[in-house]
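S.K.: Task: produce atomic coordinates for the following.
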Amino acid sequence: MQDSHLLIDLVTKKMPFGKYKDRLICDLPEHYLVWFRSQGFPPGKLGLWLETMYEIRLNGLEHLIAELKRRYKTT
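M.R.: Below you'll find the predicted structure:
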């Protein structure tokens, strides 16, 4: 998966289950991403999205997705 497509997925794809169902992956709270990190990320694309978002937050790189979030904002 190309990096640009991965970043676009973070701002357009929603969490499919759980307490934060239907929330954009980029908008998931940090504590939830940390919890997944400790429990293990799910397999497949969802796990990749969650792990990438965790790394973005951990390293203070939210600016990488800020413009994409504005560009792909859905109302």
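S.K.: all contacts plus neighbour counts: C-alpha atoms, from now on.
M.R.: Noted.
S.K.: for V11, what are its contacts?
M.R.: Residues in contact with V11 (C-alpha atoms under 8 Å, 6 or more residues apart in numbering) are 24-26, 65, 68-69, 72-73.
S.K.: How about R71?
M.R.: Per C-alpha under 8 Å, 6+ apart, neighbours of R71: none.
S.K.: quick one on the thing from earlier: now the contacts of V11: which count as buried?
M.R.: Buried subset of these (neighbour count, 16 or more other C-alpha atoms under 10 Å): 24-26, 65, 68-69.
S.K.: Where does the prediction get shaky in the chain?
M.R.: Filtered on pLDDT under 70, the chain yields the residue ranges 1-2, 74-75.
S.K.: Can you find which helix in it contains the most residues?
M.R.: The residue-count maximum for a helix in the chain (DSSP state H) belongs to helix 44-58.
S.K.: Can you list the neighbours in contact with that one?
M.R.: Here helix 44-58 has contacts from 6, 9-10, 25-26, 30, 33-34, 36-37, 41, 62, using C-alpha under 8 Å, 6+ apart.
S.K.: switch to 6 Å and redo it
M.R.: Defining contact as C-alpha atoms under 6 Å, 6 or more residues apart in numbering, one finds that helix 44-58 is touched by 33, 41.
S.K.: by how many degrees do the following helix or strand past that helix and helix 44-58 diverge?
M.R.: With elements assigned by DSSP states H and E, the helix or strand that comes after helix 44-58 is helix 63-71. With axes from the mean of the first three to the mean of the last three C-alpha atoms, to 10 degrees defining the directions, helix 63-71 sits at 120 degrees from helix 44-58.
S.K.: CA-only coordinates of helix 63-71 in PDB, if you can.
M.R.: Taking Å, rounded to 0.1, in the frame of the first residue of the first chain, the C-alpha atoms of helix 63-71 are listed here in PDB:
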ATOM      1  CA  HIS A  63       0.600  17.600  10.700                       C
ATOM      2  CA  LEU A  64       1.100  14.800   8.100                       C
ATOM      3  CA  ILE A  65      -2.700  14.200   8.000                       C
ATOM      4  CA  ALA A  66      -4.000  17.700   8.900                       C
ATOM      5  CA  GLU A  67      -4.300  18.900   5.400                       C
ATOM      6  CA  LEU A  68      -5.700  15.600   4.100                       C
ATOM      7  CA  LYS A  69      -8.300  15.700   6.900                       C
ATOM      8  CA  ARG A  70      -9.500  19.100   5.700                       C
ATOM      9  CA  ARG A  71      -9.400  18.000   2.000                       C
END
